[in-house]
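Peer 1: got a predicted structure here, sequence first:
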Amino acid sequence: MAEIVSIFVTPIVTTIIDTAASLIKEEFVAIQGVKKEVEKLSSNLITIQAVLKDAEQKQLDPPCDESLRIWLSKLKDAACDAEDILDTFATETFLWKRKQQVRKIRPPISRSKISYKSSVAHMIKEISATFDEIEKEKNKFHLNMSSNGGRPQNLPQTTFFVDTTGVFGRDSDKERLINQMLSNESDVEGDVSVIPIIGMGGLGKTTLAQLIFNDEKVKNHFEFRMWVCVTVDFDFRRILKEMIEFHTEMEYSNNLPTSILVSRFLEFLSGKNFLLVLDDVWTNNYQDWDPLRDILKKGGKGSRVLVTTRTTKVSDIMGTQPPYKLDYLPENECWSLFKKIAFKDCNLRGDLQQELEDIGRQIVGKCNGLPLAVKAMGGLLRGNVDKDEWKKILRHSIWELEKKPSKPGILPALKLSYDHLPSYLKQCFAYCSVFPKAYVFDGKELVKLWMAEAFIQTSRQTSLEETGIEYFNELLMRSFFQRFNIDNKVRYRMHDLFHDLAVSVSTLQCCLVKDKESRDLAEKSRHVSLLCQDLENPTLQIIKKCTKLRTLLLPSEYLKNLGQVLDKMFHSLKYIRVLDLSSSLLSELPSSIEEVKLLRYLDLSRTEIKRLPDSICNLCNLQTLKLLGCLWLFELPKDLGNMVNLHYLELDEMFWFKCQTLPPRVGSLTSLRTLYAFPVSRTSGNGIEELKNMTDLTGTLHISNLENAVNAADAKLNEKESLQKLVLEWSDKDFNQEDEVRAERDLKDLQPHSNLEELALYHFKGSNFPSWMTDGLLQNLVRLTLSHCTKCATLSVGQLHHLRELYIKSMQELQEWQEVQCHSLARLHISNCPKLRKVPDFMPNFRSFEDKEV
């Protein structure tokens, strides 16, 4: 596959230059005697960076000198090594500075420090010499210098997503299939009716199935519907579990025996009329299909199974009806699809529009009726009004690949679209090859991984998360991801052909290892996924061969056995940034976790872990710590505040419900975006002032034990503009006049930002609400809950034009509710307010009204 690989280096070089520039200013670098080496390395990198844009472009332009690719490959390997060394050194610098702040004086340099000093100096000198050689070699390629230094341009802000509303030319296919499905003629006595849709990759089989699945006639005809993406592995147990989960909208344990799943499925299936879509089926074995068919027979008359596949063999095995062969999209429909994408929001003068349309029609002709290829080309050229660039795409030699059967099966349109991505998007896309085909992506979760790998380059004006979402949306707009909407649930997947492309361009750096599949791991492998249940042997192989590993993912949901390899892993894989240990039989995390100092993403979700070792708090680079579904975890380590780069601390609501107190000094986590609960205490490091500088908090924040707040204004809630839900709670113990006065003062000082959407007050001890509540200052408020505010006699919520839900409970003294216009209110719930006799007349839009004990 060497012919189709393009090598991208610019993002890594840019990152190293930034790291080196930061290190040069540090006192620790001078103490270690490596300042000159870091400066020399930085100088070489800046010189190389200036010509990288031209080098990366020339490798794509035929004919390309193979020696240029070799130079780029050598540069990329050296850059990755340099990034590892400098990141390690930067981490040591940070830890040294933190010790200085604690001790206030510089400790004497010990013998071990001298040893470390010579080791670091040697590594930096070695890598600097390598870049000396690489920098000299560049001159023979006569590369042109770039003006922007290889930094990413601002991405276009786009709202365009490819979904079913943008489908062209499939109406007749949809109607024919729906008529066939709903006809009694499709019934098969004693069997379930299976209709296969057959067609090559990229034709739109899944999109057609989705159109059918979401059609109103289909929804009304079947008692229930299910959708499962099957892919290459036709795993009966997994398919059955996903069918149940789709129907019940609940997650089921991976440990449930197959017999229990069958019994559960038959509880709701037996005798019922259903539609099941099995998307992307590849099996050619009757024995794979028979167990599923046997239980589907138990369904009611008129049930249907719609199968999408590329192979006639699947149709022969599974089909009971003649297969529906999906044809190429007619050229006029291809043009309509291309035009909608490429010319969206374009206002062009008539002659230029016509010229671009003439060229565009020729490009569409080269897509050979494949909607996926048309979308890729439309996304590539969208917003580009340079006719010379369009001609360049039209005349590109890559279209010749399709005429050569010996070449890899990558569609030229897709490869061309990839080649024209900026380098920083190329690495994000290539990284996705570590996930299996048909993997369901969550955009925000993928961004966390890109952050951990330092793929995201951002300015001070935007956060890493915001820029990462822009990256994802740009790839989505160009059809590298596909947006699926099944029953109003938005999900993202990568088409198989784009996944094949990702695998081909990621070369040896990314590797996916499956059970019963021998694939040698290379020394250059830096990103690895294991789709195995027994992880011990492949992990030992990784430890032995892949000492430069940066990513280890376990993307399957099945329980996995790691054996006893973790301690060895932590001592061996010094450069790992992403570690996924989720859904494994892990009950204890070794204290040697602190050895992986560069770790930025750690997932321990759905493990049996009971406590986290204190040493985990030495991971000063950690950005994401996922602890979802850890049922036996009841506390967090005491030095959590040391993890100053933590952005995401993810725990279930149940953990926060059980949590009585947080470790001290969580206010040091100024980058944290998720902190579900904060119990206020009067002990040092647990006061409400800890929230002061946590301005990036998002989602829900539940502040409890507010009677312990010394100065509530220190929380600075009015500066937390990304908070969506705020819960303010006092304890329910008895209180006196002094408590009442203090509660009113505190609530006044706890005014949130006007972006807030949900507010809840529990056990407020005051008699009067502050003006920011009564004057309607929270104009974005959608839901308001007032519970056990037992002293308040008067209620006013002001003019809240977006308020839809209002809950009032156990306000014993509430008598008067001031008249106010609140036409958006759709739900009002009042309970246990014995003195309230009247509510305002503001309910024209009510859909639901619950009135208990009024």
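Peer 2: Yes, it's here.

Peer 1: and the strands in the stretch 151-300 of the chain?
Peer 2: Under the criterion DSSP state E, counting those that start in this stretch, the stretch 151-300 of the chain contains strands at 193-198, 224-231, 274-281.

Peer 1: quick one: which of those is nearest Y807?
Peer 2: strand 224-231 (32.3 Å; C-beta to C-beta). To be clear about C-beta, it is placed using only N, CA and C from the backbone, and glycine gets the same treatment.

Peer 1: just checking: what are the partner strands of that closest one?
Peer 2: In the sheet, strand 224-231 lines up against strand 274-281 (parallel) (DSSP bridges).

Peer 1: can you list the buried residues in the strand it pairs with?
Peer 2: For strand 274-281, a neighbour-count test (16 or more other C-beta atoms under 10 Å) marks 274-281 as buried.

Peer 1: so what touches that strand?
Peer 2: Contact with strand 274-281 is made by 181, 205-206, 209, 213, 218, 221-231, 234, 239, 243, 296, 299-300, 303-309, 314, 318, 437-438, 496, as judged by C-beta atoms under 8 Å, 6 or more residues apart in numbering.

Peer 1: out of the residues you listed, which are buried?
Peer 2: Neighbour-count burial (16+ other C-beta under 10 Å) is assigned, among these, to 181, 205-206, 209, 213, 218, 221-222, 225-231, 234, 239, 243, 296, 299, 303-309, 314, 318, 437-438, 496.

Peer 1: of those residues, which belong to helices?
Peer 2: Among those, the members found in helices (DSSP state H) are 181, 205-206, 209, 213, 218, 221, 239, 243, 296, 314, 318, 496.

Peer 1: ok but L828 is inside a strand, no?
Peer 2: Yes. Applying DSSP: H, G, I helix; E, B strand; the rest coil, one finds L828 inside a strand.

Peer 1: distance of the spatially closest residue to it that is not a sequence neighbour from P840?
Peer 2: Spatial nearest neighbour of L828, chain neighbours left out: L806 (5.2 Å); criterion: C-beta to C-beta, 6 or more residues apart in numbering. Per C-beta to C-beta, to the nearest Å, L806 is found 11 Å from P840.

Peer 1: more crowded one of those two?
Peer 2: Counted by other C-beta atoms under 10 Å, L806 and P840 do not tie: L806 has more neighbours, with 21 against 15.

Peer 1: check which helix or strand the more buried one maps to.
Peer 2: Element membership for L806, per DSSP states H and E: strand 805-809.

Peer 1: ok, back up a step: let me have the buried residues of strand 274-281 in TSV, extended by pLDDT and distance to K35.
Peer 2: Formatted as TSV, those follow (pLDDT from 0 to 100; distance: C-beta to C-beta, whole Å):
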residue	pLDDT	distance to K35
F274	93	70
L275	94	68
L276	94	66
V277	94	62
L278	93	62
D279	91	58
D280	88	56
V281	90	61
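
Peer 1: tell me which of these is nearest to W450?
Peer 2: Among the buried residues of strand 274-281, D280 lies closest to W450 (C-beta to C-beta), at 25.9 Å.

Peer 1: how about the nearest residue to the closest one once chain neighbours are set aside, what does it touch?
Peer 2: Excluding the flanking residues, the one nearest D280 by C-beta to C-beta, 6+ apart is T231, at 5.3 Å. The contact partners of T231, taken as C-beta under 8 Å, 6+ apart, are 280, 282, 436-438.

Peer 1: any low-confidence regions in this structure?
Peer 2: Applying pLDDT under 70 to the chain picks out residues 1-5, 62-64, 103-118, 120-121, 146-166, 400-410, 487, 515-520, 821, 842-854.

Peer 1: so what's the residue nearest to L828 bridging to?
Peer 2: L784, L828.

Peer 1: residues contacting it?
Peer 2: Contacts of L806 (C-beta under 8 Å, 6+ apart): 783-784, 797, 825, 827-829.

Peer 1: narrow the residues you listed to those that are buried.
Peer 2: 783-784, 797, 825, 827-828.

Peer 1: phi first, then psi, for the residue nearest to R742 when sequence neighbours are not counted.
Peer 2: Take R742 and drop its neighbours on the chain: the residue closest to it by C-beta to C-beta, 6+ apart is E707, 7.6 Å away. With angles defined as degrees, to the nearest 10, E707 sits at phi -70, psi -10.

Peer 1: hmm, E707 is touching W730, no?
Peer 2: Yes. Counting by C-beta atoms under 8 Å, W730 is a contact partner of E707 at 5.3 Å.

Peer 1: higher neighbour count, these two?
Peer 2: Ranked by neighbour count (other C-beta under 10 Å), E707 and W730 place W730 first, with 27 against 18.

Peer 1: how about the nearest residue to that one, chain neighbours excluded?
Peer 2: Nearest to W730 is H763, by C-beta to C-beta, 6+ apart, at 4.4 Å.

Peer 1: neighbours of the one you found, just the number please.
Peer 2: 20.

Peer 1: any idea how far the residue nearest to D280 lies from L203?
Peer 2: For T231, the distance to L203 - C-beta to C-beta - is 17 Å.

Peer 1: how much space separates V528 from Q321?
Peer 2: Distance, V528 to Q321, by C-beta to C-beta: 43 Å.

Peer 1: coming back round to it: what touches both of E707 and W730?
Peer 2: Jointly contacting E707 and W730 under the rule C-beta under 8 Å, 6+ apart are 743, 765.

Peer 1: does the residue nearest the centre of the chain count as helix, strand or coil?
Peer 2: Geometric centre of the chain, nearest residue: E445, 2.1 Å, by C-alpha atoms, centre = their mean. Here E445 is recorded as helix under three-state DSSP.

Peer 1: same check, this time on the one 4 residues further on
Peer 2: With three-state DSSP as the basis, L449 sits in helix.

Peer 1: tell me which residues touch it, please.
Peer 2: Shown in contact with L449 (C-beta under 8 Å, 6+ apart): 431, 551, 578, 601.

Peer 1: bridged to the last one, which residues?
Peer 2: Pointing back at Y601 there. V578, T624.

Peer 1: how close does it sit to L622?
Peer 2: With the distance defined as C-beta to C-beta, Y601 ends up 8 Å from L622.

Peer 1: and what of G766?
Peer 2: Separation of G766 from L622 (C-beta to C-beta) stands at 41 Å.

Peer 1: so between these two, which is more surrounded?
Peer 2: Each of G766 and L622 has its neighbours counted (other C-beta under 10 Å); L622 has more, 27 against 22.

Peer 1: quick one: neighbours of the residue lying closest to that one once chain neighbours are set aside, just the number.
Peer 2: Computed as C-beta to C-beta, 6+ apart, the closest residue to L622 that is not its neighbour in sequence is M643, at 5.4 Å. Neighbour count of M643, defined by other C-beta under 10 Å: 23.

Peer 1: quick one: contacts for M643?
Peer 2: Counted by C-beta under 8 Å, 6+ apart, M643 has contacts 617, 619-620, 622, 625, 669.

Peer 1: part of a strand, is L726?
Peer 2: Yes. Judged by three-state DSSP, L726 forms part of a strand.

Peer 1: pretty sure H420 contacts L381?
Peer 2: No. With contact defined as C-beta under 8 Å, H420 and L381 do not form a contacting pair (9.0 Å).

Peer 1: can you list residues touching both of these two?
Peer 2: Residues touching both H420 and L381 (C-beta under 8 Å, 6+ apart) are I393.

Peer 1: which one of these two has more residues nearby?
Peer 2: A count of neighbours by other C-beta under 10 Å puts L381 above the other of H420 and L381, at 23 against 20.

Peer 1: for the more buried one, which non-adjacent residue is spatially closest?
Peer 2: The shortest distance from L381 to any non-neighbouring residue, by C-beta to C-beta, 6+ apart, is to A342 (4.7 Å).

Peer 1: isn't that neighbour right next to A376, touching?
Peer 2: No. With contact defined as C-beta under 8 Å, A342 does not count as touching A376 (11.0 Å).
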